[in-house]
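Chemist: whatever this is, show me its structure:
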Amino acid sequence: MSLSSISNILDDATHDALDKQVNMCVEDDLKRPSIFSHTCILRTIVEYSNGTLDPKYGSSEPARELIMSHPGLANVLDVAWKSGSYRDIRNLAILQAPRRLITEADQPAVTDYALYKAFTSPYHGQAVDAFLKYLEHNNKEFHYRIEGNPSNYYGKFCSIVQSSGTGKSRLLFELRTKGVVVLYMNLRPSDDKTGFPARDDVPADILTPNAGSDAVDYCSRCCVFFAAVFTSVHKFLSAFRSLEDAIQQWNTSICNLLSADRKRFFATLKVRYEMYYKKIKGNPSRDAVTEINDKPSRLSISAEVEQMTKSMPGQKFMTRAYSDMVKSLDKLFSGTGRNKPKFVIALDEAQPLNIQGPEGYRPSTILCRAISVYSGADGVDNHSVWVVFASTALRMADFIAPRAYYDSARIPADGRLIYPPYCQLGWDARADPFEGTAATKVAQVRHIMGYGRALWKSLQELYNVQDIMDVAISKLSGTSENKNLSLVVLSQRVCLNITFGHHEAVEFVESAVASHLLVCIAITDDRNWSFTTYSSEPFLSCAAASLLHEEGNLDIFLKALEVKVLSRMIDVGKSGELASRLLWLLAKDLYVRRTPLWTLIIPAVDGQEWNSELADCQMTSVLEYFCFVFGDDFWDRAGKKAKKAFKNAFVNFSHWISMDENIWVSKNHDDQLETDEWTLRHWHRTSAVQCCHNQPLVDKMIPVYFDDRHGEDDLSRVSQIFISDRTQRRSSENELDKITRDHDSIRCHSSRPWVAILVDLGLKKSEAKVRFSHNLTEGPCLRIYAAAINVKTFPFLSRSERLPLTLRNIIAHERIPPNGRQRMQILQEQVGCGSSCTKSHMKWEAWAETSYSSQATGRKRQATDSSEARRKKRKA
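Modeler: Numbers count the residues shown, from 1 in each chain. Down below sits the predicted model:
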């Protein structure tokens, strides 16, 4: 019977790695060909095949029968064994794992494999290099501790804190590409069956406390766990002839989430753990509770380590295993780059470790104490062995403060420091190149998904567009009902500013990062402040728009926003910033939904799924948009020339972005984009711009694109809508003509028509005026003045009963200072003397006027009363 072959399933690197593993396992004394030696070789090849070969031939009897029934197989095995290469064996058709129809029961495994393929796709971005430098810096700082420097760090552990889908897990795996030995373990809860990577049951069961497990028992478990880890890593890597082979095989097997070797590794680790645990279970030290709950005494490092050594049950196993590992793997730990991380224990989805259980302790406190012990156990040697906790929970940054400390004390009183958490995982890593995308195609799903976190693009090979949109909606809304869902949805699109110091702010920020995709920018070293934002992510903005405009949600969310504004949890900004952002964005939303849509994913003409367009990112005609906003007769009032000028003009914004600087900053000239490219880049990501507070003349910019044949390229076809907001009680119409795009802080030079809008949001009398003019220096300009928030000025407001009321209430709230806040603000401004050139900061004579205002008011009231009395007397 002939032995047919199939085409290669595995790549060359995988074949080479598996060959080395087989050669290590096959005994050297198998010199003479025999049925025994052939069976042994075949079983080993099947065992190390990454699941591509039929597992039944991993047993002796089936393997022997196969060799007996195929005489030519013995010769092929001889040739392969002598050459040391088993590629031809793995490609034999008779050995392939059987293929069968996928049933519903198989679906989890199939899904895991699909997610694994996406998880192992080519990595994009520089986050791994930045994190490697972060660990090197941390190790250097810890080295100062050994040398007696005042910088005294608690242990070699740190955290990665960021929202879901930003690449925390992938970053940890990618460290292996930098020569780091990575032991990845996922600790997600046992009832989470859908998350990926999946839960690693062995380490998760050990490190998650059982009901009734007290602090002493958990202390033993932590020490024994690390002892088992160090021993298992030591045994695995020491089995290879060279360090390069050892690391390569580690990456091929243990860092392969679907590898059978990884499962065997954890099974072996569990056996060692249980063996060590039984040895110390009968005689735990009750002093451990006192040591864990009390703050460290002011002892020298060696004395402190000695004290903890005596008090932590299982500590001897841990420190001995650690020492054996670093000694036996001397080439790894004493190689080039003293501070470069050599071994990283990655604990992903670590948020359960920071939850205080009924026994009164946080697992992370004890776990980090164990890390602190072995971190100092090697004396002056500075081996770069790190434990990295990864989590979506901001509180993971607080995980080491002992219980005796107040919750607000992030740095222990005796000076023991912990490392600041790492948050920078990159953004827009999968975005299309700017030059390679036509401006008329930026609404296509394949383009929009590239912005923001890499998650959306990585799912492209697994799901269809609607499925990925459903994932985005699910992640944004969270797994459970959330009272702040309205703020989450609106924050993602209109840049809600959460007020620092508000009693609900911390809860909202922590919940939004953990469950609603809020991005953590940075956490201060003392852990008292975290800086967060919903960065520009148009695909997620479309998901937010879908949630916002579900039946009944718009009015509900706007009402909820009003409540938070009234409680001053939301900063409404100055001059109607928030109200204006809501006005213009919701106008476009309602225009898109002016007629019922079966789907917000518009199929492509060519039938290609990924060329479909997202309705909220599609090009919207300026002619139609302004008719919708200002009324059907708008262009009749503007004139034929204006209508002709904007015939081919379009907008496409789906969300707002806030700026921290002026549009043009002369001091940044070398690093500043030309304003036409700045405008076009915002068009590409379908964003509109909220200018900074100090920006002269204008408050907002909406990109405009002219879809015509005039101009050489897309850069010559962009223009802008500039908006200026006012909330005074008097008209600002005369300020409209002062808006110019040639100002030194703007410098948007173009011959294309542009729009200047001034809106008096605070007036009650409705007014809407428009005129079109042509200036030689600025080009054609459409100037619009609108006053009052009502249906007469903005007819589209009739489509939402709640929207005009919400906008007016936000404006009214902006004007009214809270009780006592006006006087407090005056006093605060007095302390800020010189911070501006205004009277409130410079005219100190005026500061005393406040104290006399009540007297002046009294005198005025007295004079009025006297006048009234005289009038009544004359009448009598």
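
Chemist: now residue 488: closest residue in space that isn't a chain neighbour?
Modeler: residue 516 (4.4 Å; Cβ to Cβ, 6 or more residues apart in numbering). For the C-beta atoms, the positions are set from N, CA and C on the backbone; glycine is no exception.

Chemist: pull the number of nearby residues for the one you found.
Modeler: Residue neighbour count, defined by other Cβ atoms under 10 Å, stands at 24 for residue 516.

Chemist: need the contact list for it.
Modeler: Under the criterion of Cβ atoms under 8 Å, 6 or more residues apart in numbering, the neighbours of residue 516 are 163, 475, 476, 477, 478, 482, 485, 488.

Chemist: where does the closest residue to residue 832 other than its chain neighbours sit, in terms of helix or strand?
Modeler: Distance criterion Cβ to Cβ, 6+ apart; nearest residue to residue 832, sequence neighbours excluded, is residue 841 at 5.7 Å. Assigned by DSSP states H and E, residue 841 falls within helix 839-842.

Chemist: thinking again about what came up before, tell me which two of the contacts of residue 516 sit farthest apart.
Modeler: 163 and 485 (15.5 Å; Cβ to Cβ).

Chemist: measure the residue nearest to residue 488 to residue 485 for me?
Modeler: 8 Å (Cβ to Cβ, to the nearest Å).

Chemist: which residues are in contact with each of these two?
Modeler: By Cβ under 8 Å, 6+ apart, residue 516 and residue 485 have these common neighbours: 477, 478.

Chemist: so who does the nearest residue to residue 631 once chain neighbours are set aside touch?
Modeler: Nearest residue to residue 631, sequence neighbours excluded (Cβ to Cβ, 6+ apart): residue 795, at 4.8 Å. With contact taken as Cβ under 8 Å, 6+ apart, residue 795 is in contact with 628, 629, 630, 631.

Chemist: distance check, the nearest residue to the second one once chain neighbours are set aside against residue 579.
Modeler: If I follow you right, that is residue 629. Excluding its sequence neighbours, the residue lying closest to residue 629 (Cβ to Cβ, 6+ apart) is residue 587, at 5.0 Å. Using Cβ to Cβ, residue 587 is found at 12 Å from residue 579.

Chemist: same question for residue 428.
Modeler: From residue 428 to residue 579 the distance is 30 Å (Cβ to Cβ).

Chemist: just want to know which of these two has more residues nearby.
Modeler: residue 579 (26 against 17).

Chemist: got the phi and psi for that one?
Modeler: phi -60, psi -40 (degrees, to the nearest 10).

Chemist: need the three-state assignment for residue 662.
Modeler: coil (DSSP: H, G, I helix; E, B strand; the rest coil).

Chemist: model confidence for it, exactly?
Modeler: Residue 662 is assigned a pLDDT of 93 by the prediction.

Chemist: not counting its neighbours along the chain, what's nearest it?
Modeler: Residue 662 sits nearest to residue 745 (Cβ to Cβ, 6+ apart), 4.3 Å away.

Chemist: check contacts around that neighbour.
Modeler: Contacts of residue 745 (Cβ under 8 Å, 6+ apart): 662, 663, 664, 665, 695, 696, 697.

Chemist: just checking, residue 279 is part of a strand?
Modeler: No: Residue 279 is assigned helix when assessed by three-state DSSP, not a strand.

Chemist: distance of the residue nearest to residue 629 from residue 801?
Modeler: Using Cβ to Cβ, residue 587 is found at 16 Å from residue 801.

Chemist: just want to know which of those two has more residues nearby.
Modeler: residue 587 (20 against 11).

Chemist: residue 489 versus that one, what's the distance?
Modeler: From residue 587 across to residue 489, the span is 17 Å (Cβ to Cβ).

Chemist: and the average pLDDT for stretch 244-264 is what?
Modeler: 87.

Chemist: if we can go back for a sec, now the residue nearest to residue 629: how far from residue 250?
Modeler: Counting by Cβ to Cβ, the gap from residue 587 to residue 250 is 57 Å.

Chemist: mind listing what the residue nearest to residue 629 touches?
Modeler: 625, 628, 629, 794, 796.

Chemist: widest-spaced pair of the residues you listed?
Modeler: 625 and 794 (12.3 Å).

Chemist: quick one: buried residues of stretch 456-465?
Modeler: 456, 457, 458, 459, 460, 465 (16 or more other Cβ atoms under 10 Å).

Chemist: quick check: nearest residue in space to the first one, chain neighbours excluded?
Modeler: When the adjacent residues along the chain are set aside, residue 456 lies closest to residue 449, with 4.1 Å between them (Cβ to Cβ, 6+ apart).

Chemist: please apply the same query to the fourth one.
Modeler: With Cβ to Cβ, 6+ apart as the criterion, residue 459 has its nearest non-adjacent residue at 5.0 Å, and that residue is residue 468.

Chemist: try the second one
Modeler: In space, not counting the residues next to it along the chain, residue 457 is nearest to residue 430; the distance is 3.9 Å by Cβ to Cβ, 6+ apart.

Chemist: quick one: pLDDT of that neighbour?
Modeler: 92.

Chemist: now do the strands in the stretch 701-850 of the chain.
Modeler: Secondary structure of the stretch 701-850 of the chain by DSSP state E, counting those that start in this stretch: the strands cover 718-726, 754-760, 767-775, 779-787.

Chemist: for the shortest one, name the packing helices and strands.
Modeler: In this case it means strand 754-760. Here strand 754-760 touches strand 718-726, strand 779-787, going by 3 or more Cβ pairs under 8 Å, 6 or more residues apart in numbering; DSSP states H and E.

Chemist: remind me which residues of the stretch 701-850 of the chain are low pLDDT?
Modeler: Filtered on pLDDT under 70, the stretch 701-850 of the chain yields the residue ranges 815-828, 836, 838, 846-850.

Chemist: residue 764: neighbour count?
Modeler: 11.

Chemist: and it, what does it touch?
Modeler: Neighbours of residue 764 in contact, by Cβ under 8 Å, 6+ apart: residue 788.

Chemist: same question, residue 474
Modeler: Contacts of residue 474 (Cβ under 8 Å, 6+ apart): none.

Chemist: ok so, going back, so which of the buried residues of stretch 456-465 is the closest to residue 11?
Modeler: Distances from residue 11 to the buried residues of stretch 456-465, taken by Cβ to Cβ, are shortest for residue 458, at 20.2 Å.

Chemist: before we move on, the earlier item: how close does the residue nearest to residue 457 get to residue 649?
Modeler: 30 Å.

Chemist: so between those two, which is more surrounded?
Modeler: residue 649 (26 against 19).

Chemist: I'd say the more buried one and residue 704 touch.
Modeler: Yes: with contact defined as Cβ atoms under 8 Å, residue 649 reaches residue 704; the gap is 5.3 Å.

Chemist: quick one: common contacting residues for the two?
Modeler: Common neighbours of residue 649 and residue 704 (Cβ under 8 Å, 6+ apart) are 622, 719.

Chemist: pretty sure residue 638 is touching residue 770, no?
Modeler: Yes: between residue 638 and residue 770 there is a contact under Cβ under 8 Å: 4.7 Å.

Chemist: find the residues that touch each one of these two.
Modeler: residue 782.

Chemist: rewinding a little: got the strands of the stretch 701-850 of the chain as a markdown table, with distance to residue 737 and mean neighbour count columns?
Modeler: Formatted as a markdown table, the strands of the stretch 701-850 of the chain follow (distance: least, Cβ to Cβ, whole Å; neighbours: other Cβ atoms under 10 Å):
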| stretch | distance to residue 737 | mean neighbour count |
| --- | --- | --- |
| strand 718-726 | 11 | 24 |
| strand 754-760 | 9 | 26 |
| strand 767-775 | 9 | 15 |
| strand 779-787 | 7 | 21 |
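
Chemist: thank you kindly, that will do.
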